[in-house]
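Asker: please find the sequence and the predicted model below.
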Amino acid sequence: MTSKQDKDSAPATDEFGGLIGVGSARTIRAPWHPSSLGKIRAAVMADLEARQVEDETLDEVAVVVSELVTNAFKHAQPLHDNTVRIHWTERAGVVEVEVTDGGGETSPKPRPEAVFAVSGRGLRIVRSFAHEWGVSEKKGAITVWAALGGPSRRRA
């Protein structure tokens, strides 16, 4: 966070210049670099904490955001402006998170369970936390989304 918020001041802003806890949705574009992951996760969490999202849902969102952004960096290309896009909404405790990248060689899908594999569990983890999740492809961009904290309003 770049500024603190008290009762008489304007809302605080995050690393990406967005107002924390304002409105029902936020979108950020982060530089296409693995070092962006911590800043992305911090921005999402600060915003949802300001919205008083339940702790269990916050924990799930932290894991899901980490997995989706990491998968984007590992398996895809950046968007046209060399960024990754993260969008989230919160309504009545339900959080929907989207991560959009420039796509990769294959469409995102969970790998089969492999007990001794050292990687490849990301989307299986997302699926285990999410009430719903999915993948959409549109004009050279891939979006992987997940709904946490209750039933989703979105239908794939």
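Answerer: That came through, no problem. Residues are numbered from 1 along each chain as shown.
Asker: so for the lowest-mean-pLDDT helix or strand in the chain, what gets flagged as buried?
Answerer: Every helix and strand of the chain was ranked by mean pLDDT, DSSP states H and E. The lowest is helix 122-129, at a mean of 79. By 16 or more other C-beta atoms under 10 Å, the buried positions in helix 122-129 come out as 122-123, 125-126, 129. Where you see a C-beta, it was placed from the backbone N, CA and C, and this is true even at glycine.
Asker: make TSV out of those residues and add distance to L148.
Answerer: Converted to TSV, the buried residues of helix 122-129 look like this (distance: C-beta to C-beta, whole Å):
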residue	distance to L148
G122	15
L123	14
I125	12
V126	9
F129	6
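Asker: and of those, the nearest to L58?
Answerer: Closest approach between those and L58, by C-beta to C-beta: F129, at 11.7 Å.
Asker: these two touch, right, that closest one and V64?
Answerer: Yes. Contact criterion C-beta atoms under 8 Å: F129 and V64 qualify, at 5.7 Å.
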